[in-house]
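Asker: Whatever this is, show me its structure:
(chains A and B)
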Amino acid sequence: MALKEYIGVSEIRGPLIIMRNVKNVRYDEVVEIEQNNQKKIGKVILVNEDTAIIQVFEGTQGLALKEPKVRFLGKPLEINLSPDILGRVFDGLGRPIDDLGEIVSTKSMDINGSAINPAAREYPRNFIQTGVSAIDGMLTLIRGQKLPIFSGNGLPHNKLAVQVAKQAKLKSNEEFSVVFAAIGLKKDDANFVVKNFEESGAIKNMVVFLNLASDPVVERIATPRVALTAAEYLAFELGKHVLVILNDMTNYCEALRELSNYRGEIPGRKGFPGYLYSDLASIYERAGMIKGKDGSVTQIPVLTMPNDDITHPVPDLTGYITEGQIVLSRELNRKNIYPPIDVLPSLSRLMKDGIGKGYTRDDHPNVASQLFASYSHVIEIRSLAAIIGEEDLPDIDKLYLNFGRAFEEKFVNQAFDESRSLDQTLDIAWKLLSMLPETELTRVNKEYIEMYYKK
Amino acid sequence: MKIREINGPVVKVRDAQGVFMNEMVRVGNLGLIGEVIGINGDMATVQVYEETSMLRPGEPVKRTGKLLSVVLGPGLLNNIYDGIQRPLEELMRKTGSFISRGVDAFALDTTKYWEITILKQKGDVVSGGDVIAELQETQSLKHKIMVPPLLGKGKIIEIKPSGSYTVMETLAKVETENGIVEIKMYQEWPVRIPRPVKKRLEPSIPLITGQRVIDIFFPISKGGTAAIPGGFGTGKTITQHQLAKWADADVIVYIGCGERGNEMTEVLEEFPKLKDPRNNVPLMNRTVLIANTSNMPVSAREASIYTGITIAEYFRDMGYNVAVMADSTSRWAEALRELSGRLEEMPAEEGYPSYLASRIGQFYERAGISENLNGTTGSVTVIGAVSPPGGDFSEPVTQSTKRFVRCFWGLDKNLAYSRHYPSINWLTSYSEYTENLEEWFQKNIAEKWSNYRNEAMKLLAEDDRLQQIIKIVGEDVLPDDQKLTVIVSRIIKVGILQQNAFSDVDSFCPLEKQYNLLKIVIDTYYRAKKLVEKSIAISQILPSELVSKLLTMKEEISNLEDFEKVEAFLKEHFDKLDKTYA
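Answerer: Below is the predicted model of the structure:
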C-alpha cells in the first residue's frame, strides 16, 4: 500500500499535533514525523473525514508548523521480534540501543495485543519459588499471576524485584526468561538492575526495555505494551516461562494523565482520566496461561505510592485488577528489616489454589493462615502496649510480642543474596509458632501440630 | 451510511437517515458490532463493541433493523458468553486463544438435537408466555418453550409432534389478529427492555445461601436485591462465588463485568466439578456465565449486565428462581463514565454522567418475585458487587446503589487483613428483608430463630463498644459481666460469623446447623451470665477447653446428633457449677 506523506502540520498542542485536510487516515495507525533528519513516531488518536489528531511519543520539542514531513504508515505500532531479542537492550519503543545492531525480525506484532479469550485461559496453579520467605510462605507467587509490589519512594522495591527475578524458579527447576521494562526510571536504578543481571549471567535470558526519567514522557505509554508484546512472543510463540517486571507503573499513569490533559479530557480522581482502570487492565490482564500452550506470562509490576497512600488512584485501581499485592512498609524498613514486606495488607489471590497438598507442602495453607492471624494479633497488642506499657500486659500478650519481633527479624528479614527453599521457610515458621502455646494455634490442623509443633 | 469520525469505541456516522435508537449496526469493512446511541439530523453516534483500531473514515456502516437483543432458548445453561452474548468457546474454535474482531457466532448450538415433549394441540388458544413444549436442558433443569410475551392471543393452526429437533426448528404456527406467527424453539428479546410479568409479589421466602453471616443476620429474599461493596482484597469475588455455588436458586447467571480473566477461568474449572448440595448435579448445569473481562472492550462491558439480567428474566418466566451475580457494578458504572466522556456529555459527580443513579435504579428494579404471564411464580434476585475507590463508601456508585438495594453487605478491610472471612461487617451491614422473612424462619426452622438472632446482634453491638475501651485500657480491667460479653462475642465472631470457603465441611452450612450453632452459643451465654451474677470467676465458668470446643463446632460437627452431645456436655458443666455454688 502506498504510504501517504504530507508536509507541515496545522497545530501543535503539547505532545499532540493536529493535521487538517488529510484523507483516508486510519484510527490508531502509526505516523512518522521527520524534520532535520530526525525521526519521531506518533499514533493517531482521533480521526474524522479531514482531520487527524496525532500523539507524538518522543514529544513535539523542536517541531515547526511548516517543516515536518508526516508519513502515515497504515499499520498499528508494531515491534520486530525474533528469538535473538534475548540478551538485548532496547529503548522504550523497542529500538535496540546496545550497539549490537538491528534485530533481524522473524515476526512483527501489534504492541496493543488482543484480549485472551476467557474460555481459552488455563487457571494458574503452579508455585513459583522466589526464595523470599515472606512471599513463598504467605504471599505465594503462582505462574501466570500478576502480583504487584506496592512501595514508596526510598524503599528497596528495586532490590526486591531483582532478587525475585534472579531467584525465581519453578518446582521443576525450569528457568525463567525475564523481561524488564524501566518506565521513567532513574538512571541509577536502571543501572543497578542491568548490572546485577550481567554479573549473575542472567542477562542472556533477559530482554531489557529502557525508558528512563530523562526520556520522552509520552513514550512511556508504549513501553509496558512493547515489553508485554515481547513477553507474549517468548511465552506463547516460543513456549518459555516469562517473568515481566514493570517498574514503575506510577510513572506510566502520570504520563497517561499528562496526555489526557493535553487531549482536553474530563479528569477523574486526582486528575487521572476516567478510563485509567480500563487502560491499566489492558496492561495487567496480559498475564496468564493459555490452554494448549507451554509458556506463561507472570507479571510483577512495581509502583510507588505517592505519599505512601494506598488509596491513591494508582495503587487502588491496580489492586482491583491484579491478583493481590505485596506491600512494603516504611516502618519495617526503618527497623532495618529487608525485604520490608508488610504481610497484613499484602495478599496473593491465587495462592489458595497453588499451595498445600499436591502443590507445595501439606501444612503450608494452615501455617500461612496461622501466621497471618497471630501476627495481626501482635499488631493489636502493640497498639495496646503503646498505651499501657509492655510491663502491664498479661503473660500471653508478652509471648505474642516476642513472637512478633522474631517473626520480623527471622522470617521476613533475609539477605539480598539469600535464597531459601520452601522447606526452610516453613521450618522457620514452625520455630516461630512454637513460641506460642499450642491452644493459640486455632488455624492449624491437629495432625500438623503433632508433626511440627516444637519439633 | 459511512464512518465520519472515530474516537475510541465511539464512532460518528453520516447519511444515517432512518436508523433508530439502540439499533444494532455493523461498522466498517470488518463488520464490527455496534449500537446506535444518539441521532442528530442525518448523523448517528454509534458505540462499537469491539476494538476500533485501523478503522478509517469513509468505511461503510450497515443497518440490521434490530435492537441490541439476546437469543433465548435451550443451550444457554452451561455456556459462557461475552458481554453481547457471543459464545466464547465457539469464538475460540473459530479464531483461537485471542479474541479477534468482526467474528460472529449464533449464541445457541444450532446442531444439537433436543428431545422435546409437545404440550399443546392444534386448535388450542395460546397467549404470550404460555408453555407449548418442554425439554430436559440439563440434569437439573427442565427448559420450557414459551410463546413470545408480546404475541397476544392466538390459535395454534399447526404444531409438530414430540420428537428430536434443533433450536432452528419452527415448532408451531399461531394465527393471531396480526397474522400468522411462527414459534421457534428460541426467541429474541431486546436487552434494555424488561420482560413483562402479570404482577409483582411481596418477597417472603429467603434465598438460602448457606453463609451464616448472611442467612442469620442479613438475609435476602428470593427476588431481593443486595449490594456487596468492598475495597480490593476484602473478598467480594469469593463472596460472590460462594453465593453462586450454594444459593438455593434454580438458575445462576454470573456476570463477570470488567473483572479478572483468571477469576472467570476459576469458575469455569471449578463449577463443573462441584455438586449442588440439593440434587448432587454439577453446579455448572444451572449456571450461565457472562464474561466481559477488564481488558475486553468497554462498551460491551456496559451491555453485559443487561444481557445477563435478560437471560435471568427468561428463566424466571418459566417459573424458576434465578439469582444474578454482577461482579462488579462499579466497572459497569465506569464504562458508562468512559462512554459519557467520549460523547462529551456534561459530567456530574466525579465525572460520572448525571443519569448514573437512574441507570443503577433501573437495573436493580428488574429484580423481584412475580406472577408470570403463564401463571407460574418466578423470581430474579440481584446481587451486585461494588468496588469503591480506596474502599470509601461515600463515592457515587456505592451511594446510588444503596438507594436501590434492600440488603447491604459491607465488606471490611480490617476484618480482611486479619483474614476474617467473609469480611462482612456486622455493624454497618443491614437487610430490610429481616422482618419480611422472620415468619418464614420461625415456621420452617425454629420458633426462637429471631430471639436468638436478636440476642446475638445485641451482644455484638455491646462488644463493639467494649472493644473501644479495651483498645485504651486492655481487657483485664473490665468487670466480669463485660468480660463475658467480650468472650461470647468472640465465639460468635470466630465460631459463627467466620466461615472458611475452602473447607469441605464448612463452605456450605445448612440452616438447621446454623440455628444449632447459634442456639448453643447463646444458651451458653444465658447460663454463664447467671453464674457471673454470683461472682464466680470467668475462667471457671468458661474454661478454655470449653471455649475452644465452641469455636470449632462449625468444622467438627457435620450431623445434627452431634449437637446433642455438645449440649449434654455443656449442661453437665453448668449443672455442676450451679450445684457447687447453689
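Asker: Number of residues surrounding B:Thr381?
Answerer: Residues lying near B:Thr381 (other C-beta atoms under 10 Å in any protein chain shown) number 28. The C-beta positions use only the backbone N, C-alpha and C, and glycine is treated the same way.
Asker: Do I have it right that it meets B:Leu207?
Answerer: Yes - shown here, B:Thr381 and B:Leu207 form a contact pair, counting by C-beta atoms under 8 Å, at 5.3 Å.
Asker: Give the intersection of the neighbour lists for these two.
Answerer: B:Ile220, B:Ser221, B:Lys222, B:Gly224, B:Ala247, B:Ala249, B:Asn321, B:Ala323 (C-beta atoms under 8 Å, 6 or more residues apart in numbering or on different chains).
Asker: Contacts only, for the nearest residue to A:Asp28 once chain neighbours are set aside.
Answerer: The shortest distance from A:Asp28 to any non-neighbouring residue, by C-beta to C-beta, 6 or more residues apart in numbering or on different chains, is to B:Ser53 (4.0 Å). B:Ser53 makes contact with A:Tyr27, A:Asp28, A:Pro76, A:Asp110, A:Asn112, according to C-beta under 8 Å, 6+ apart.
Asker: Filter the shared contacts of B:Thr381 and B:Leu207 down to just the ones in strands.
Answerer: B:Asn321, B:Ala323 (DSSP state E).
Asker: What about chain A: which of the shared contacts of B:Thr381 and B:Leu207 touch it?
Answerer: Among the shared contacts of B:Thr381 and B:Leu207, no residue lies close to chain A (C-beta under 8 Å from any C-beta of the partner chain).
Asker: and the stretch 151-300 of chain B, which residues reach chain A?
Answerer: Checking the stretch 151-300 of chain B against chain A by C-beta under 8 Å from any C-beta, the hits are B:231-233, B:256, B:258, B:260-262, B:264-266, B:268-269, B:291, B:293-296, B:298.
Asker: check contacts around B:Glu371.
Answerer: Here B:Glu371 is in contact with B:Val197, B:Lys198, B:Lys199, B:Leu201, B:Thr377 (C-beta under 8 Å, 6+ apart).
Asker: For chain A, see how far away it is.
Answerer: 37 Å (C-beta to the nearest C-beta, to the nearest Å).
Asker: in the sheet, who's paired with that residue?
Answerer: B:Lys199, B:Thr377 (DSSP bridges).
Asker: mind checking pLDDT for it?
Answerer: We have a pLDDT of 97 for B:Glu371.
Asker: Please parse the chain into its domains.
Answerer: No chain specified, so I'll use chain A. Here the domain assignment for chain A is A:4-72, A:78-352, A:364-452, based on automatic domain parsing.
Asker: my bad, the chain I had in mind was chain B
Answerer: Using automatic domain parsing, chain B is parsed into the domains B:2-67, B:114-184, B:199-432, B:449-580.
Asker: ranges for the strands of the stretch 51-200 of chain B?
Answerer: B:61-67, B:69-72, B:80-81, B:114-118, B:125-127, B:131-138, B:141-146, B:153-159, B:163-165, B:170-176, B:179-184, B:187-190, B:199-200 (DSSP state E, counting those that start in this stretch).
Asker: Which elements pack onto the last one?
Answerer: Right, the one you point to is strand B:199-200. Strand B:199-200 is packed against strand B:368-371, with contacts defined by 3 or more C-beta pairs under 8 Å, 6 or more residues apart in numbering or on different chains; DSSP states H and E.
Asker: same deal with the fourth one?
Answerer: Using 3+ C-beta pairs under 8 Å, 6+ apart as the contact criterion, the neighbours of strand B:114-118 among helices and strands are strand B:131-138, strand B:163-165.
Asker: Please identify the most buried of the domains of chain B.
Answerer: Comparing the domains of chain B by mean neighbour count (mean count of other C-beta atoms under 10 Å in any protein chain shown), domain B:199-432 comes out on top with a mean of 22.
Asker: hang on, B:Asn295 packs against A:Tyr277?
Answerer: No - B:Asn295 is beyond contact range of A:Tyr277, at 10.7 Å (criterion: C-beta under 8 Å).
Asker: what is in contact with the two at once?
Answerer: Counting by C-beta under 8 Å, 6+ apart, nothing touches both B:Asn295 and A:Tyr277.
Asker: show me where pLDDT drops low in the stretch 101-250 of chain A?
Answerer: A:171-173 (pLDDT under 70).
Asker: Output the longest helix belonging to the chain.
Answerer: Here I'm looking at chain A. helix A:364-388 (DSSP state H).
Asker: Chain B, not that one
Answerer: Max-length helix for chain B by DSSP H is helix B:449-473.
Asker: Noted, bye for now.
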